[in-house]
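S.K.: coordinates only, sequence not included:
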């Protein structure tokens, strides 16, 4: 099996290199080798690799900047998946693509199932939803994994930002009215590898569908920050901010160009049942990553 992996230097792409390597010949590329903003670059990279599977974690993820760069966001997140799908369909290749909780408006009271009504509030979510649709009508076999609150030992993320700020400031204010499940890039990569094995083994049974992929449990950004900073404190890492100086605030108190979903909770029952998996609690993955970050 030949696997083409885009975005190899991103949080998820970095972990996918590890998880996908045992499955076959892995061809991992970065933007210089495969620019998703360029149709020519993208098509040439796929035709050069001649893959049986295309795994596409590459994305435009600057949520706030997307509000002023809609054309770029749609080129990468909306148009590129359709091109990938069209090229894959020519080869009967499987496409694995990643989407986001931002396709929902975040107003639901419970967890979002895959068939829940979408309603993205900003350019980023709109572009990712358009990408899902472009891939689904491309004629390719595909798996789409919607995930949320991604973190990892590699790359920039919320946990690393909190550790840096905790060492620099006497007080932190963190939003407490947005709820979700921090999900490790390693978990996403491992589930992806498992799903590819099953999809290849079983044919089209699990393909051509969307699955929600997020860690178990739930939290809010403020509680998440407190957990990260307390772990650093226990490990002896320099922490300037006191525990009682990490203050919860509302979304209204921290305005951003793009609106965030208040509810990012994803129902993962379909994924777990289809692929025979049990997804661990978010604290399990975070503890492992924090050990790597704090020791580095």
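M.R.: In hand now; what should we look at? Quick caveat, the model's predicted, so the values are computed rather than measured.
S.K.: So which residues make contact with stretch 269-278?
M.R.: With contacts defined as Cβ atoms under 8 Å, 6 or more residues apart in numbering, stretch 269-278 is touched by 113, 114, 145, 191, 194, 195, 198, 206, 211, 212, 213, 279. No exception for glycine: its C-beta is placed from N, CA and C like everyone else's.
S.K.: List the ones among those residues that fall in helices.
M.R.: 191, 194, 195, 198 (DSSP state H).
S.K.: I'd say the first one and residue 183 touch.
M.R.: Pointing back at residue 191 there. No - with contacts counted by Cβ atoms under 8 Å, residue 191 stays clear of residue 183, the gap being 9.8 Å.
S.K.: and residue 191, what does it touch?
M.R.: Residue 191 touches 145, 213, 271, 275, 277, 279, counting by Cβ under 8 Å, 6+ apart.
S.K.: What's the local residue count around the fifth one?
M.R.: Counted with other Cβ atoms under 10 Å, residues neighbouring residue 277 total 16.
S.K.: Distance of it relative to residue 211?
M.R.: According to Cβ to Cβ, to the nearest Å, residue 277 and residue 211 sit 10 Å apart.
S.K.: again, but for the fourth one
M.R.: Here the criterion is Cβ to Cβ. By it, residue 275 lies 8 Å from residue 211.
S.K.: List the buried residues of stretch 237-250.
M.R.: Residues of stretch 237-250 classed as buried by neighbour count (16 or more other Cβ atoms under 10 Å): 237, 239, 241, 246, 248.
S.K.: on that earlier part again, any residues in contact with both of residue 275 and residue 211?
M.R.: residue 195.
S.K.: Please identify which of these two sits among more neighbours.
M.R.: Shown here are residue 275 and residue 211; by other Cβ under 10 Å, residue 211 has more neighbours (21 against 17).
S.K.: In which helix or strand does the closest residue to the more buried one other than its chain neighbours reside?
M.R.: Once flanking residues are discounted, residue 211 sits nearest to residue 271: 4.2 Å by Cβ to Cβ, 6 or more residues apart in numbering. Using DSSP states H and E, residue 271 maps to helix 269-275.
S.K.: now that helix, how far from the chain's geometric center?
M.R.: 18 Å (Cα atoms, centre = their mean, to the nearest Å).
S.K.: what's the answer for stretch 109-119, then?
M.R.: For stretch 109-119, the distance to the chain centre is 17 Å (Cα atoms, centre = their mean).
S.K.: Just list what the host helix or strand of residue 124 packs against, helices and strands only.
M.R.: Assigned by DSSP H and E, residue 124 belongs to helix 123-136. Counting contacts by 3 or more Cβ pairs under 8 Å, 6 or more residues apart in numbering; DSSP states H and E, helix 123-136 packs against helix 70-74, helix 80-91, strand 94-100, strand 141-147.
S.K.: With respect to residue 129, which of those lies nearest?
M.R.: strand 94-100 (7.5 Å; Cβ to Cβ).
S.K.: And the closest one, what's buried?
M.R.: For strand 94-100, by 16+ other Cβ under 10 Å, it's 94, 95, 96, 97, 98, 99, 100.
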